Structures are given as structure tokens and as C-alpha cells.
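Asker: give me a model of this one.
(chains A and B)
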There are 2 protein chains.
Amino acid sequence: MSAIEELSRSLSRLPGVGPKSALRMAYHLIKTDPEFNRELGERIVSIQEKVRPCSVCGCFTEEDPCPFCSDQTRDRSLLCIVEQPQDVVKISSSGVYNGLFHVLGGAINPLEGIGPAQLSFDSLKKRVREGQFREIIIATNPTDEGDTTALYLKGLFADSPDLKLTRLASGLPIGGELEYADKLTLARSLRNRTSFQ
Amino acid sequence: MSAIEELSRSLSRLPGVGPKSALRMAYHLIKTDPEFNRELGERIVSIQEKVRPCSVCGCFTEEDPCPFCSDQTRDRSLLCIVEQPQDVVKISSSGVYNGLFHVLGGAINPLEGIGPAQLSFDSLKKRVREGQFREIIIATNPTDEGDTTALYLKGLFADSPDLKLTRLASGLPIGGELEYADKLTLARSLRNRTSFQ
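Answerer: Numbers count the residues shown, from 1 in each chain, chains lettered A, B, ... in the order given. This next block holds a predicted model:
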């Protein structure tokens, strides 16, 4: 295998990169400034040393505990449960949430062999038992797997009547048009319709 | 800037990679097998040492001269002129060409400051003067820049009446449908219509 083939085969294993775009990237990398290649290569090799899961919430961080967990100005009575580390960044950037996070590491998906044991439910239960949370916001994806995981979470906290469980609203995306909405989204936006004052 | 931001900024400078897919790749690289990162990083850093332009034809190669130039079974009376090194691989893989290649390194594009001086016309003239070519196949792209470059090549060899100049046929792509062909392609396929026996 030639060096170009080797490089483009590696590149094609990145998400969203097919064989054609991998080859295009490989040709690009032959012609770029060598300093760019050195920097990109070094960043790829070192990313796993620099960025690790937070030992408390599981989001990706360069300090442990992460800035969210160690920020004493955040509301420690609110806990938002998400599937992936990148969801933490996304929700935080919405600017309307100031509580803590917990990353499950995925959603329950029996077809792919992901059951409760593969996700961080144990550390979640421990955090909730030892913390002073009054509300848990379930922010799993509005997919079959996310819905299953949300139901599982509901069962997990069934014996904590004082704990308020909520879930992110699901419905039409802002700026979207009814005409292009899929049936399931439309059905859920009808079922969850809100009072309009 | 965080390590994730640094990595995804580097990745977003690859062709066809926007900020969103770069971030997705960066998150992927945090979770992959470290051996994959080490290998990909090393391949990116070393590609420019392993692969260089052939000193004769300009295509990318790990040996100099490249396998095309040093293959004595190829027809040394045919020269195919292309814009980019990857065009050599493409034409070679069609299986119907067994001559030599010459890579210009781009096409004449005054808007982007690419004139004849930036392309390898000098080494081309020298090769043609010293070689025994009887036909030159102009395989620049069927774009404005490629057409301009083809015209320039025509002028370059105007004083060599024995040298046959040809250009790749342009027209409807095989498997394409008239309904979806653009006007320019359709016009060219009409103008260049071939006799049908």
C-alpha cells in the first residue's frame, strides 16, 4: 500500500469522511505547509493526553473536575442528564442553563449491545444520593434510544418523590416550517401543545 | 483556546471539512483507540517526506522518477497533459491510456494570480523538445480555466506541425440523463456529435 493510500485509509475512518474525500484530504496534505501537518499530527496524537472525561460528570475536560463541576456559582440543585460529552457544550452554549451535568456516555440500545451496565447510571445514583438536587432534567435525544433511556431514568428515581423529573420539550424546531416537519415531530408538537396567552 | 478547539480548528482547514464536522471528528478522536491516533498523526506528519513530485512529470510519487516515467513498456510517443497529480491516477485507472504524463500543477487563472509562469510549461517544452512525442493529449478540465490553458498549450506547440494535439472529448457523462444535463454540456455534446455507424 502506498503512503497516499495508507494516509487516506486512516482519514476515511474519521466520521463523515468517505474514500473520495479522504483521498482529496491526502492530496491536500501533500501540498500544505509542513508546519500545518506537524501541528495537526501532533494535536491528533496528544488529544487523548490533554482531554479526559471529568471524574464527576463525565464531560470532556482538560482539568479534573471540569469547569462546570468546580464552578461554585452554578446551581447545585439542578442536574441535567445528557448522552454525550458534546451535549454538555451544546446545552451550556444555549445560555439558559446554570446547573450541573451528568454524561451517560450513550443511550440504552439493545441492538448495539448497550445496556444500563455500559452507561454511567451507578455514578449518577451515587451523585443524586449524596447531592442536594431538587430537579433532574432528562436531556437524552428525542430518539427511540433516548426515549428508552429517559424511561429507565424515570424508574431509577421512582423512589425519590421529592425529586422533580423533567424532560426537554420536543416539537417543531424554531425557524422550521410545518410543511417540512416529519409526522412524528408534528404529532409530538400537537400532543405537547402549550397554552398561548 | 482549549485542546478540542485547537484540534478542530486544524481539522477544519482540511478540504471539505466545516467547523461542525471538524468538531465531530475531534470528539471522535478523543474516544478512539490511541494507536489509531498515533498512526494517523504519524502519517500526516510524514506524508511530505514519503511522497514528492516526480522530477520528470510532476505527479506525486514515492520513487523518483515515478513508476509511470520509469516504466519502459509505456508508449513514449504519447504525452498526456493534466492539471493536478491526482488526474494522473484517474486517467491511468481508466485502463485505456499507456503513454506518459505531464502535470502542470494547475490551470491558468488570472483572477487567482496563476499565470503561465506558475505552471510547469518550461519543463514541458524541454521534455517535448528532447523527447520523441508524436501526440500530445490535452487533458485539462472542461472549465474556463482548463479551456484557457488548453488554448495556451495550442499556442505553445504552434511551431511543431508534426506534433498532433488532441483534447479529451467533452459531452454527456455515461449514465447521465439529458433531462439533468446543464446547457453548456448539452451544447458541447451537440457541437462535438460523432458519426453513428
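Asker: so what's A:Ser160 up against?
Answerer: The contact partners of A:Ser160, by C-beta atoms under 8 Å, 6 or more residues apart in numbering or on different chains, come to A:Val128. C-beta: built from backbone N, CA, C; applies to glycine.
Asker: does it belong to a helix, a strand or coil?
Answerer: Following DSSP: H, G, I helix; E, B strand; the rest coil, we place A:Ser160 in the coil state.
Asker: do the longest helix along chain A and chain B meet?
Answerer: When chain A is parsed with DSSP state H, its longest helix is helix A:34-50. Yes - counting by C-beta under 8 Å from any C-beta of the partner chain, chain B is contacted by helix A:34-50 at A:34, A:36-48, A:50.
Asker: what lies in contact with stretch A:6-23?
Answerer: A:1, A:4, A:25-26, A:29, B:15-16, B:21, B:24-25, B:28-29, B:36, B:39-40, B:43-44, B:47, B:86.
Asker: is there a quick ChimeraX command that grabs whichever of those residues are buried?
Answerer: In ChimeraX, a selection of the buried entries from these looks like this (16 or more other C-beta atoms under 10 Å in any protein chain shown):
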select /A:4,25,26,29 /B:21,24,25,29,39,40,43,44,47,86
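Asker: returning to that earlier point: same for the longest helix of chain A, what does it pack against?
Answerer: helix B:3-11, helix B:19-31, helix B:34-50 (3 or more C-beta pairs under 8 Å, 6 or more residues apart in numbering or on different chains; DSSP states H and E).
Asker: check contacts around the residue positioned nearest the centre of chain A.
Answerer: Among the residues of chain A, the one closest to the centroid is A:Gln84, at 2.4 Å (C-alpha atoms, centre = their mean). Residues counted as contacts of A:Gln84 (C-beta under 8 Å, 6+ apart) are A:103, A:105-106, B:27.
Asker: not counting residues beside it along the chain, what's closest to A:Ser189?
Answerer: Closest residue to A:Ser189 apart from its sequence neighbours, by C-beta to C-beta, 6 or more residues apart in numbering or on different chains: A:Gly171 at 3.5 Å.
Asker: returning to what we had before: for the contacts of A:Gln84, pick the one with the most neighbours.
Answerer: A:Val103 (26 neighbours; other C-beta atoms under 10 Å in any protein chain shown).
Asker: wait, isn't that residue in contact with A:Cys59?
Answerer: Yes - judged on C-beta atoms under 8 Å, A:Val103 makes contact with A:Cys59 at a distance of 5.2 Å.
Asker: the strand ranked longest in chain A pairs with which strands, parallel or anti?
Answerer: Using DSSP state E, we find that the single longest strand of chain A is strand A:75-82. Strand A:75-82 has its sheet partners listed here by DSSP bridges as strand A:99-103 (parallel), strand A:135-138 (parallel).
Asker: can you point out the buried residues in the helix or strand of chain A with the lowest mean pLDDT?
Answerer: Using mean pLDDT, DSSP states H and E, the weakest-scoring helix or strand in chain A turns out to be helix A:183-191, at a mean of 84. Neighbour counts using 16+ other C-beta under 10 Å place A:185, A:188-189 of helix A:183-191 among the buried residues.
Asker: let me know the closest of those to chain B.
Answerer: When the buried residues of helix A:183-191 are compared for distance to chain B (C-beta to the nearest C-beta), A:Thr185 wins out at 21.4 Å.
Asker: now that the closest one has come up, it's in contact with A:Leu172, right?
Answerer: Yes - with contacts counted by C-beta under 8 Å, A:Thr185 reaches A:Leu172, the gap being 6.5 Å.
Asker: where does chain A have low pLDDT?
Answerer: In the predicted model, chain A carries pLDDT under 70 at residues A:197.
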